[in-house]
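>>> Predicted model follows, preceded by the sequence.
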Amino acid sequence: MSDRDITSEDDRILRSARRPIAHLALGPKGDKFMFRQLRERQQQQRRVRAVEANRAFVSKAAASAAMATSAQQSSRASSSGSVGSTVAQTQSQSSGLMASHPLVMTPEEVAIQRAGHREAQLQQALGEIKAEKERMIRRRARLQRRQADISKLEEMDPAELDDEVRTLRCEVAFRQLKHALTHHEVLKLPDPDKPFVVTTNASQYGIGAVLAQQEGKKLRPVEYMSKKMPSQKLAKSTYEKELCAIYMALTHWRHYLLGRFFYVRTDHQTLKWMRTQPVLSDALKRWIEVIEQYDFEPQYIKGEYNKVADALSCRPDFSGALITKFGFADDVTHSMVEANREDQFMPEIIRRLEAKDKITSAEFELVNGLLFLEKAGNKHLCVPNRESLRSLFLGECHDATRHFGFKKTAANLLQRFWWPTMMRDAKLCVETCQVCQRDKPRAQAPLGLLKPLPIPERPGESLSMDFMDTLVTSKSGMRHIFVIMDRFSKYARLVAMPKTARTEYVIRLFKEN
């Protein structure tokens with residue numbers, strides 16, 4: 001390219017850079033168009049500065065060349081060349097260009113380059129801001145789309161969902177639960193100016209209750225309570241368990257409820273008349289006596305609306321004393337497997353299980369050679385008829401559990417084991433336990449001193465009667481002896497009696513003899 005072409009191109013760049021921006025585009029794409037015009041204008045200005053710097057450099061180079069030529073001519077004419085050289089170097093520095101270093105930039109050129117860097121940095125910052133704005137818009141759109149998907153998931157029928165979508169729905173529900181627990185108040189402080197509401201529920205193993213107060217249109221919980229049902233009340237009726245739940249809830253929150261009016265809500269409707277029930281047991285009388293100290297109004301609610309107290313009373317850890325994992329040593333397991341082969345009934349059950357008999361499989365299960373009976377959703381180990389094994393399990397349920405009585409020992413056995421005579425063996429084990437007979441105190445009151453009967457004054461005034469078992473039954477069916485004795489003369493009559501006799505029959509024998 002010739003020098004003329006370069007000059008014409010530089011003139012064109014200068015004319016385009018001086019032309020102002022005619023307008024700024026408006027509309028949906030106005031921002032992009034405006035940034036593009038500004039960017040082009042900045043690029044044109046940088047080109048203008050480069051062209052001007054190039055022309056200044058060329059003019060300075062030409063001037064320095066002319067000065068160098070004149071200096072050489074003068075140096076030839078003069079005899080001292082060093083003086084002319086010094087003058088030429090000084091003039092070169094005064095003109096702004098160092099002849100010995102033609103590539104070094106002047107301070108003006110450095111300022112131009114720095115200005116260009118600042119504009120480039122500004123342009124880069126504007127671009128980053130724009131990109132971040134676009135990322136925020138896309139992120140918000142994704143959040144809105146995800147929220148819409150979650151709303152659709154909540155409206156869908158669980159039966160129509162596949163495993164992946166059902167898992168996603170569970171994750172969404174879990175995140176919502178965590179958000180509710182971490183971003184909202186769970187319990188409220190009690191307000192002494194508002195009445196309390198006590199909601200109770202009882203299950204076979206536990207008691208649950210909620211103390212709440214009205215806040216607007218909703219009940220806000222103040223405190224929760226959950227306790228294990230006392231073991232001696234496991235076999236009681238539903239009425240007694242629900243009444244026990246109210247009794248324990250009122251005593252637990254005595255500092256809140258005593259001396260105030262409040263409401264008691266339960267899903268057992270018959271408790272509305274607990275204060276007017278004519279016949280009560282001793283335990284119910286004690287509970288009612290404590291409950292009467294409080295001023296409340298009983299209210300009935302349906303079980304489907306009593307979810308919180310029901311969940312507290314049915315927690316799985318309430319059945320910890322009744323459902324316990326247990327294992328056996330290897331020698332005990334081998335003994336059980338060998339005893340199953342020698343038992344009278346176990347081999348036949350095992351044979352049917354191995355033959356895939358449906359009726360037997362519905363009740364029994366064979367695991368590693370051990371036979372289990374499935375009953376009420378629990379598995380009970382079937383113990384074969386071997387005295388050493390049954391004594392071992394009886395000792396584990398009685399001796400290892402602080403020598404409880406017959407009921408608790410039987411309850412421990414029923415949770416884990418089964419054999420036909422288990423209840424009878426448990427009762428015999430408790431009655432013949434040497435530790436219990438020696439160390440356990442008597443629960444009944446002492447009998448007291450004997451009171452002698454008055455001495456009769458004549459025969460026939462006082463008679464004594466008793467029954468004696470001969471342990472032998474005669475051919476006519478008589479086994480017992482009815483003994484009648486006169487306490488004054490010691491005269492005795494012995495009358496044969498059958499093994500069982502009614503009161504009328506005994507009275508007739510007494511009159512006849």
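That came through, no problem.

>>> how many neighbours does the closest residue to Gly369 other than its chain neighbours have?
Spatial nearest neighbour of Gly369, excluding adjacent residues (C-beta to C-beta, 6 or more residues apart in numbering): Val337 at 4.1 Å. Placement of C-beta: from N, CA and C, glycine included. Neighbour count of Val337, defined by other C-beta atoms under 10 Å: 14.

>>> separation between Val337 and Ser391?
Taking C-beta to C-beta, to the nearest Å as the criterion, Val337 is separated from Ser391 by 18 Å.

>>> related to what we said a few turns ago, my guess is the residue nearest to Gly369 meets Leu366, correct?
No. Here Val337 lies out of contact with Leu366, judged by C-beta atoms under 8 Å, at a distance of 10.6 Å.

>>> okay, how far is it across stretch 377-386, tip to tip?
Length of stretch 377-386, first residue to last, C-alpha to C-alpha, to the nearest Å: 27 Å.

>>> Show the average pLDDT along it.
Averaging pLDDT along stretch 377-386 yields 87.

>>> and that stretch, which residues are buried?
Within stretch 377-386, the residues scored as buried using 16 or more other C-beta atoms under 10 Å are His380, Leu381, Cys382, Val383, Pro384, Arg386.

>>> quick one: which two of these are the most distant?
Greatest spacing in the buried residues of stretch 377-386, by C-beta to C-beta: His380 and Arg386 (17.1 Å).

>>> Can you give me the distance of Met478 to Ala492?
Met478 is 18 Å from Ala492, by C-beta to C-beta.

>>> more neighbours, these two?
Using other C-beta under 10 Å, the more surrounded residue of Met478 and Ala492 is Met478, with 15 against 10.

>>> quick one, strands of the chain?
Counting by DSSP state E, the chain has strands at residues 196-202, 206-215, 218-228, 261-266, 295-300, 364-367, 370-375, 378-382, 417-418, 463-469, 478-486, 492-498.

>>> Of those, which stretch is the most buried?
Scoring the strands of the chain by mean neighbour count under mean count of other C-beta atoms under 10 Å gives strand 196-202 as the most buried, with a mean of 26.

>>> Give the pairing partners of that strand; include direction for each.
When pairs are called by DSSP bridges, strand 196-202 turns out to pair with strand 206-215 (antiparallel), strand 261-266 (parallel).

>>> Name the stretch from these that approaches Lys499 most closely.
strand 206-215 (48.5 Å).

>>> got the end-to-end distance for stretch 212-226?
Stretch 212-226: ends 15 Å apart by C-alpha to C-alpha.

>>> Let me see the residues that make contact with that stretch.
186-191, 194-199, 206-211, 248-249, 252-253, 256, 308, 312-313, 315, 318 (C-beta atoms under 8 Å, 6 or more residues apart in numbering).

>>> do that again at 7 Å, thanks
187-188, 190-191, 194, 196-197, 199, 206-211, 249, 252, 312-313, 315 (C-beta atoms under 7 Å, 6 or more residues apart in numbering).

>>> got the residue ranges for the helices in the stretch 251-400 of the chain?
Remark: helices assigned in the stretch 251-400 of the chain by DSSP state H, counting those that start in this stretch are 254-257, 282-291, 307-313, 330-342, 346-354, 358-363, 387-398.

>>> elements contacting the second one?
So that's helix 282-291. Contact partners of helix 282-291 among helices and strands, from 3 or more C-beta pairs under 7 Å, 6 or more residues apart in numbering; DSSP states H and E: helix 238-252.

>>> Quick one: mean pLDDT for the helix it packs on?
Here the average pLDDT along helix 238-252 is 87.

>>> Please identify the buried residues of it?
Quick answer for helix 238-252 (16+ other C-beta under 10 Å): Glu240, Lys241, Glu242, Leu243, Cys244, Ala245, Ile246, Tyr247, Met248, Ala249, Leu250, His252.

>>> Just flag the most distant two among these.
Farthest-apart pair in those is Glu240 and His252; separation 18.3 Å (C-beta to C-beta).

>>> Not counting its neighbours along the chain, what's nearest Lys227?
The shortest distance from Lys227 to any non-neighbouring residue, by C-beta to C-beta, 6+ apart, is to Ile207 (5.0 Å).

>>> That neighbour contacts Cys314, doesn't it?
No. When contacts are counted by C-beta atoms under 7 Å, Ile207 is not listed as touching Cys314 (10.4 Å).

>>> which residues are in contact with both of the two?
What both Ile207 and Cys314 touch, as defined by C-beta under 7 Å, 6+ apart, is an empty set.

>>> Any idea how many residues pack against Met229?
Met229 is flanked by 22 other residues according to other C-beta under 10 Å.

>>> What part of this structure, helix or strand, is modelled with the least confidence?
Taking mean pLDDT, DSSP states H and E as the measure, the helix or strand of the chain with the lowest value is helix 81-94, at a mean of 41.

>>> what residues are up against Lys375?
Listed by C-beta under 7 Å, 6+ apart, Lys375 has no contact partners.

>>> again, only this time at 10 Å
By C-beta atoms under 10 Å, 6 or more residues apart in numbering, the contact list for Lys375 reads Glu363, Leu414, Trp418.

>>> Likewise for Gln299?
Val197, Val198, Thr199, Tyr263, Val264, Arg265, Thr266, Leu271, Lys272.

>>> Repeat that for Trp253.
Each residue near Trp253 by C-beta under 10 Å, 6+ apart is listed here: Pro190, Phe196, Val198, Ala209, Leu211, Val222, Glu223, Met225, Phe262, Tyr294.

>>> just those residues now: which is nearest Ala329?
Nearest to Ala329 among those, with distances taken as C-beta to C-beta, is Met225, at 41.2 Å.

>>> Just list whatever residues bridge to the closest one.
Beta-bridge pairing for Met225 (DSSP bridges): Ala209.

>>> ok, now how distant is it from Phe345?
Met225 is 48 Å from Phe345, by C-beta to C-beta.

>>> same question, Arg286
To Phe345, Arg286 is 48 Å away according to C-beta to C-beta.

>>> check contacts around the closest residue to His398 other than its chain neighbours.
Counting by C-beta to C-beta, 6+ apart, Thr409 is the residue found nearest to His398 once chain neighbours are left out, at 4.6 Å. By C-beta under 10 Å, 6+ apart, the contact set of Thr409 is Leu394, Cys397, His398, Asp399, Thr401, His403, Met423, Ala426, Lys427, Cys429, Val430, Cys433.

>>> Among the residues you listed, which one sits closest to Thr503?
Lys427 (29.3 Å).

>>> burial of the closest one, as a residue count?
Neighbours of Lys427 under the rule other C-beta under 10 Å: 15.

>>> Quick one: residues contacting the nearest residue to it once chain neighbours are set aside.
Spatial nearest neighbour of Lys427, chain neighbours left out: Phe406 (5.3 Å); criterion: C-beta to C-beta, 6+ apart. Residues in contact with Phe406 (C-beta under 10 Å, 6+ apart) are His398, Met423, Ala426, Lys427, Leu428, Cys429, Val430, Glu431.

>>> can you check Ser474 too?
With C-beta under 10 Å, 6+ apart, Ser474 has these contacts: Ala496, Pro498.

>>> The closest residue to Asp466 other than its chain neighbours pairs with what?
Closest residue in space to Asp466, ignoring its immediate chain neighbours: Val483 at 4.9 Å, by C-beta to C-beta, 6+ apart. Here Val483 sits in beta bridges with Asp466, Leu494, as judged by DSSP bridges.

>>> hang on, isn't Val483 packed against Ser464?
Yes. The pair Val483 / Ser464 is scored as a contact, 8.3 Å apart, by C-beta atoms under 10 Å.

>>> Tally up the residues packed near His255, please.
For His255, the neighbour count with other C-beta under 10 Å is 7.
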